[in-house]
Structure formats: C-alpha cells, structure tokens
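Novice: Sharing a model that was predicted from the sequence below.
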Amino acid sequence: MEYSAALDEKFKFLAVESRELYIPESVRTLRDVPSPLEFYRDYVAVNKPVIIDHVIDHWPALSKWDVPYLRDKIGDVEVTVSVTPNGLADAVYDGRFVTPEERSMKFDDFLNVVEKKVASYGVYYVQKQNSNFTDEFRSLLSDADEHLTWASEAFGSQPDAVNFWMGEESAVTSMHKDHYENLYCVVRGEKTFTLLPPTDQPFIPYGHYSAARYKLNDDARSFEIIDDPDVGTVPWIPLDPENPDFTKYPRYKNAKPLVVTVKAGQTLFLPSLWFHHVRQSHGCIAVNYWYDMQFDIKYCYYKFIESLIGGSAIRNGEPS
Ligand SMILES: O=C(O)CCC(=O)C(=O)O
C-alpha cells in the first residue's frame, strides 16, 4: 500500500500535536524515586521517558563491580559474547540484516579484550537479551536486584527478562523498538540513548532485509557474512540517527529525537514502543529489566499507524 501526501500531512499533525500535549522537549531527571503509583500514573500510563536517581543506591554493585572484582567472582564462568567487525550487532549492513557471531568464552578472556591486554580482531559486547543476568551472570545477583521491587509493584508483575550488558566503546545498538517497559540501570560508565516517540514512526524508514550473520574467518583477521535463509527477511531500520542520510530518507527531517545520557547510578525508564539507538563509554556496565507492556488502546493506536504506513513505507521509508 502506498500512502498519499494528504496522509503524510496528517502524520505530521499527529507528531506536532503529540509534542504539544505530552512529549517532553527533554527527558526529565527525578531526584527521588517516585512511589509505584506516581511512576505508573506520570510515566508508564502516558508512555513518557524519565531518568530516575537513587533507584539502585543500595546495590553493592555500584562500589564493587570493577574489573579485579569481576575477574575474581566470575572470571571462570563461560558467557556469551557478541562479536562483530564493526560494533554493529543486529543491524543493517551491506543490504542485509546481520547478527553478531555469538562466542562462548570465559568472562576473564572477555575482560582481557576490554582491557586491551590481548590483541583481538573485532568488537566485543555482552548483550545477550535472554535474561543472561539471572542465568550466565547469576553469581552477581547478590550485588544487585533480581527485580526492582517498586517497579514490580507498579507493573503488578515480575520482569520477563533481566539483562547484563558490558561492552567496548565502539559497540553500538542500532535503532529499534521493543514491546517492553524498560528500566535501564547503569552501574559503571555511561550510556547515550537517542529516543524517538512512537508517533514519529511514519518518519522512520523500515526495510525488509534478508538475515545473515558474521563469522570470523580462519585467519582470525576478517569476518565473512553468511546468509541465514531459514530466518527469511527481517524488518529493520537502516537509518543511523547520529548521521541521518536526509537525501535517502527526507521524511526523517520531521522526526525530533531526544538524546539523553544515563550515568552510573541512574536509571532510565524507556517506555514501550519508543525507538532507541544506544552507545556507551568503554567498559560500561548496565543491568536492565524488561516488563511486558499492556496491550491496551495505546498499542492498538500504534499498530493502526503502522498499518497506515503500509507497504511502501516499510519497503523504502518514503511515501509516494
Ligand atoms: O544497551 C544497549 O546497547 C541496548 C539496550 C536496548 O536496546 C534495550 O534495552 O532494549
């Protein structure tokens, strides 16, 4: 389906009206942890991002998680590490959607790479989003929380996944959205998020890309890209919000990203369906909690926008 210039105008109106009514010009920082009710009412229900101080003040992780401690505590544990030639795991590259090489290695060996104690080819990132914190990294659980009590009270449920992230500076997460309410706690270093509200979706290009994955060659100095025909095609965003190609994607000029840096000790509430692109300082460590979103009327409206954008926008990001 192609959509008309008239519909394009309506999408622009929706984006302007959303900004006038509820989307902030910048992401607010709360100096105190809100009550579960305040948090749900003022941020979750209205799908608005916020940074919250002091959520993880009580975590021993804040003072303990340096490299010597981590080596001592989990150096011998085998963990899954994503390795890519360019720092782009799960991203569009050379016309395909390419996933990283998933390597199982001792955490000690990963730390050697991060600390540049060994020469290695590629960019390394612990980023397995399968609740790796309660699985591969479970011996660190006592330094943090298995769930955030006040948030679980607000959502009325436990998180679906708790993930541990640690990576090199050049490891970047490409723009995407998730159907989770995300509480993202930075323990060491900092993360910079580029955020776009769901109402900017009509301006964000999507394409369908055949799936592939990186594999290190035997020379250990180059990667090849291997097709994954069983996966088929994957809808993904080819645009880099830090360096948008307006010639290819002129409609993206209508989008208004919010850029926010989350520092050690802070927690970002990243609402469901918000688009996000993430970069980090070297050796940054974070733990995040994915709570399932309510599939309520908000979700139905967003799906409706998606259906209006239809085929052509999904293919090339531009209306006819
Ligand atoms: O920290 C990152 O690199 C990505 C985080 C993310 O995409 C998420 O939590 O959904």
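Specialist: Structure received.

Novice: helix/strand/coil for the closest residue to residue 298 other than its chain neighbours?
Specialist: Nearest residue to residue 298, sequence neighbours excluded (C-beta to C-beta, 6 or more residues apart in numbering): residue 47, at 6.2 Å. (Glycine included, C-beta is placed from N, CA and C.) The three-state label given to residue 47 by DSSP: H, G, I helix; E, B strand; the rest coil is coil.

Novice: just checking, residue 47 touches residue 274?
Specialist: Yes: applying C-beta atoms under 8 Å as the test, residue 47 and residue 274 come out as touching, 7.5 Å apart.

Novice: Touching both of those two, which residues are there?
Specialist: 197, 198 (C-beta atoms under 8 Å, 6 or more residues apart in numbering).

Novice: packing partners for the longest helix along the chain?
Specialist: Determined from DSSP state H, the single longest helix within the chain is helix 297-316. Applying 3 or more C-beta pairs under 8 Å, 6 or more residues apart in numbering; DSSP states H and E, we find helix 297-316 packed against helix 5-21, strand 207-216.

Novice: So which of those is nearest the ligand?
Specialist: Closest approach to the ligand among the helices and strands packed on helix 297-316 is made by strand 207-216 (17.0 Å; C-beta to the nearest ligand atom).

Novice: any idea of the mean pLDDT for that closest one?
Specialist: For strand 207-216, the mean per-residue pLDDT is 97.

Novice: returning to that earlier point: which of the helices and strands packed on helix 297-316 sits most buried?
Specialist: Comparing the helices and strands packed on helix 297-316 by mean neighbour count (mean count of other C-beta atoms under 10 Å), strand 207-216 ranks first with a mean of 18.

Novice: any residues touching it, and which ones?
Specialist: 83-85, 92, 95-101, 121-122, 222-229, 231-238, 314-317.

Novice: can you check stretch 233-246 too?
Specialist: By C-beta under 8 Å, 6+ apart, the list of residues contacting stretch 233-246 reads 90-92, 97, 174-176, 194, 196, 204-211, 249, 252-253, 257, 275, 277, 279, 314, 317.

Novice: Alongside the ligand, which residues does the protein contribute?
Specialist: 165, 173, 178, 182, 184, 191, 276, 278, 288 (C-beta under 6 Å from any ligand atom).

Novice: Just the buried subset of those, written out for PyMOL, thanks.
Specialist: Applying 16 or more other C-beta atoms under 10 Å to those, the buried members can be selected in PyMOL as follows:
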select buried, resi 165+173+182+184+191+276+278+288
